Structure formats: structure tokens, C-alpha cells
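S.K.: can't give you the sequence, but here's the structure:
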């Protein structure tokens, strides 16, 4: 993470700062737009129930405010997406250039102790894994923090008891996510290693096809590839299973939370 910020600060500081500003604006519009439903329902819908000729001018003004908020959020999201795409693509470009310059200075022993596929994996899979962290990880972290703080302020200002119930369920969701993420992190590390192994072995076998043919080594090469491929498949399945569980688990906990709040809110 520290190296990523070093690359961003070196070449893309202004674009990244502007992206953060638009992320903050987009997050704030999301929080404010949700809160606007309260005055619309309490002040302009409920009082008009049963009236034959209600004055809808205030209601129309509030709808105009909501449209303006949503429009500003949409524009902010569009600007952020463009800027963060420029930053993430540029950082990966700089990393690959620096990696190539460093490798040109390495001794021959470095390449003798690693397969060509393993070296190429540094340029492809390893560096590509950094893109989601820049394009999704940082923005999601900022958006989540702003949304949490804003929502908590509005929630506790509306009803303390319902807000405390929300906090309890959020704590359960946090521990569930932490448990799944800790296991997924280990399996993804092993997955990257297996991808490097299979890339290196495949490249080595293809470049040495003549030797394999001469010594009639095809079956042994195929069996070794099957072993590496099976290991990769197992790690990929485990990593994908753990990471894909986070969404459904949190979604179902969210439904449980909504049901509890609806019941208790109705009773209150």
C-alpha cells in the first residue's frame, strides 16, 4: 500500500486528490438523499392524506431538491470513475516499466533459478492484482467511512433504540466478514503461487518440446501438468468459495436486520 501511494504521489497526485473529492461528494449525496425521505413523508405526504385539494408546492420543491442531489451524485460518480481509471492504469504502467528496468540489472543467477513463466507472472497476474486495490479498494474504503459516519449521525438523531439494534447487527456482520476474509487471504496467496508455478512449467515445456520428444517424456510432462493444474483448481475453488460467501452472508444478515428493525419499529 505504501508503494502504491508513492507511485500515486509521484505522477498522479492531483488526479487522485480530485477523485477523492468526487468520491466524498458522491457518498454525501447518497446519505443526504436517503435522509430527505423523512421530511417528504412526514411534512408533505402524511399531512395531505384525506385532503381534497392539498397544496403540493412544497412537495414539488422537495422533489426538485432530491433531483438536484441525485444529479450531483451521478456527475460525481462519473467524474470519479474517469479519474480513478486514469490513476490505476497509469500506476500499473509505471510499475511495469520500473520492474523491467530493475530486471535488466539483475544477475543471470536470478533468471537461472526461476522459470520464464514465473518471471512473466510478475508482469501480468501479480501487478494486475494491484488494480482492484487502487480502482475499488481505496474508493470503497472512503465511501464506506463517509456513509457509516453520515448514517450513524442521522440514525441516532431519529431514534436511539433502533440505532443501537443496528449497531449490534453490524458488529455481527463485521466479525463474519473478518472471519471469511482472513481465510480467503491465505488461499489467495497460495493461488498466486500456483498460477506462477503453472505458468512457469507450461512455458518451460513448450520451449523444450524438442527435448521432450527426443526422450519420449510426453506422458511424464502431462502427469506433472495435471498435478499442478489440480492444485491450482483446488486453491482457486477454495479462494472463490470463501470470497463469494461474504456477499450472501452479509446480505442475509442485512435482511435479518431489516426484519428486526421493522418489527420493533412497528411496535414503537
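M.R.: That came through fine. Nothing here was measured: the structure is a model prediction, and the numbers come from that model.
S.K.: could you identify the helix or strand that succeeds whichever strand or helix holds residue 96?
M.R.: According to DSSP states H and E, residue 96 maps onto helix 57-104. Per DSSP H and E, the first helix or strand lying C-terminal to helix 57-104 is helix 108-112.
S.K.: for that next one, the distance to its chain's centre please.
M.R.: Put simply, helix 108-112 sits 36 Å off its chain's centre (Cα atoms, centre = their mean, to the nearest Å).
S.K.: helices or strands up against the helix holding residue 96?
M.R.: When contacts are defined as 3 or more Cβ pairs under 8 Å, 6 or more residues apart in numbering; DSSP states H and E, helix 57-104 packs onto helix 2-11, helix 13-35, helix 127-128, helix 130-132. (Glycine included, C-beta is placed from N, CA and C.)
S.K.: would CSV of those helices with distance to residue 237 be doable?
M.R.: As requested, the helices and strands packed on helix 57-104 are exported to CSV (distance: least, Cβ to Cβ, whole Å):
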stretch, distance to residue 237
helix 2-11, 29
helix 13-35, 34
helix 127-128, 21
helix 130-132, 20
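S.K.: and these as CSV, adding distance to residue 59, mean neighbour count and mean pLDDT?
M.R.: Compiled in CSV, those are given as follows (distance: least, Cβ to Cβ, whole Å; neighbours: other Cβ atoms under 10 Å; pLDDT from 0 to 100):
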stretch, distance to residue 59, mean neighbour count, mean pLDDT
helix 2-11, 45, 13, 79
helix 13-35, 16, 18, 87
helix 127-128, 50, 13, 81
helix 130-132, 43, 15, 81
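S.K.: ok, which of these comes nearest residue 143?
M.R.: Nearest to residue 143 among the helices and strands packed on helix 57-104 is helix 13-35 (4.7 Å), distances taken as Cβ to Cβ.
S.K.: of the helices and strands packed on helix 57-104, which is nearest residue 172?
M.R.: helix 13-35 (22.5 Å).
S.K.: tell me the angle of the closest one relative to helix 57-104?
M.R.: 150 degrees (axes from the mean of the first three to the mean of the last three Cα atoms, to 10 degrees).
S.K.: what mean pLDDT does stretch 80-96 get?
M.R.: Average pLDDT, stretch 80-96: 88.
S.K.: report the buried residues of that stretch.
M.R.: 80, 81, 83, 84, 87, 88, 90, 91, 92, 95 (16 or more other Cβ atoms under 10 Å).
S.K.: what's the closest non-adjacent residue to the fourth one?
M.R.: Spatially, and ignoring its direct neighbours in sequence, residue 84 is nearest to residue 19 (4.8 Å; Cβ to Cβ, 6 or more residues apart in numbering).
S.K.: how close does the one you found get to residue 33?
M.R.: Distance from residue 19 to residue 33, counting by Cβ to Cβ, to the nearest Å: 21 Å.
S.K.: next: residue 43.
M.R.: From residue 43 to residue 33 the distance is 16 Å (Cβ to Cβ).
S.K.: the stretch 101-250 of the chain: helices as residue ranges?
M.R.: Secondary structure of the stretch 101-250 of the chain (DSSP state H, counting those that start in this stretch): helices located at 108-112, 116-121, 127-128, 130-132, 138-158, 160-207, 209-214, 218-267.
S.K.: good, we can wrap up now.
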